[in-house]
Each structure stands twice: as C-alpha cells, then as structure tokens.
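In: got a sequence here, can you build the structure:
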Amino acid sequence: MISPVKIWRRQKEIRKILGKTGAIITWTKVLIAGRGFKKYAPYPVVLVRFDSKTKAYGQLVDWDEDDLAIGKKVKGVLRKVREGSDEGIIAYGLKFKPCD
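Out: Presented below is the predicted three-dimensional model:
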C-alpha cells in the first residue's frame, strides 16, 4: 500500500505532466498483471517524450489497437490507479490518453 504521504509528495511530479501532450516513443502490453491490476489486463504501458524533452511512462487508457504506435500523440490525465484503502484513501495517478 502507498502511504498518503508518498501520494502527496508525488503530486508535484504529476502536476508537471498533467494535461501536457507528448508522443509515444515506445510501448509494451502487459498481458499478465500483478495482484491488484489483474482486472485491467491486458493493458498497454507507454513511454512518452514531451516537447520539453522530458520523458514519463504510464498506462495508456481509453485506447484501441490503432493507438499503439510510435509517434502517436497522447495527453497526461489523472485516473484512479487502485481501489480505496482501508483508510478510505483512493489513489489517483498519472496515466495517458490518446489525443483525438
């Protein structure tokens, strides 16, 4: 479990990317997911380069097979990354969504 403190500390990193667009430079599809992510499998994970030359990786959401392409434009979005904890904390994190 991720502590609320770790979630809070990561917010600065997430804000730098949230809403920004970039291009996929590589991707892979997770076919056999770890515990807690099995209901999402299969799902793609992408490495994205932004105009600022920074890079970030994350799960691709709202996708179809045509979106899995090098150079495809994507946008950083905030999505739930796991179910709520016993303390009632729902963890949200950075994911990527294909641009229209």
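
In: Lys97 against Val77, yeah?
Out: Yes - the criterion here is CB atoms under 8 Å, and Lys97 meets it with Val77 at 4.8 Å. In this view, the C-beta of every residue, glycine as well, is placed from N, C-alpha and C.

In: which neighbours do those two have in common?
Out: Residues touching both Lys97 and Val77 by CB atoms under 8 Å, 6 or more residues apart in numbering: Val61.

In: just the strands in the protein please.
Out: Ranges of strands within the chain are 21-30, 43-50, 55-59, 73-80, 92-98, based on DSSP state E.

In: the fourth one pairs with which strands?
Out: To tie it back to what came earlier, the one meant is strand 73-80. In the sheet, strand 73-80 lines up against strand 21-30 (antiparallel), strand 92-98 (antiparallel) (DSSP bridges).

In: give me whichever of those is most buried.
Out: Across these, averaging neighbours per residue (mean count of other CB atoms under 10 Å) puts strand 92-98 on top, at a mean of 20.

In: now that strand: mean pLDDT?
Out: Averaging pLDDT along strand 92-98 yields 89.

In: so can I have a markdown table of the strands of the chain showing distance to Gly36?
Out: Below are those laid out as a markdown table (distance: least, CB to CB, whole Å):
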| stretch | distance to Gly36 |
| --- | --- |
| strand 21-30 | 13 |
| strand 43-50 | 13 |
| strand 55-59 | 13 |
| strand 73-80 | 12 |
| strand 92-98 | 13 |
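
In: could you pull up phi and psi at the residue nearest to Ala23 when sequence neighbours are not counted?
Out: Nearest residue to Ala23 in three dimensions, chain neighbours excluded: Gly71, at 5.3 Å (CB to CB, 6 or more residues apart in numbering). Dihedral angles of Gly71 (phi, psi; degrees, to the nearest 10) stand at phi 90, psi -10.

In: wait, Gly71 touches Gly22, no?
Out: No - using CB under 8 Å, Gly71 makes no contact with Gly22, being 10.5 Å away.
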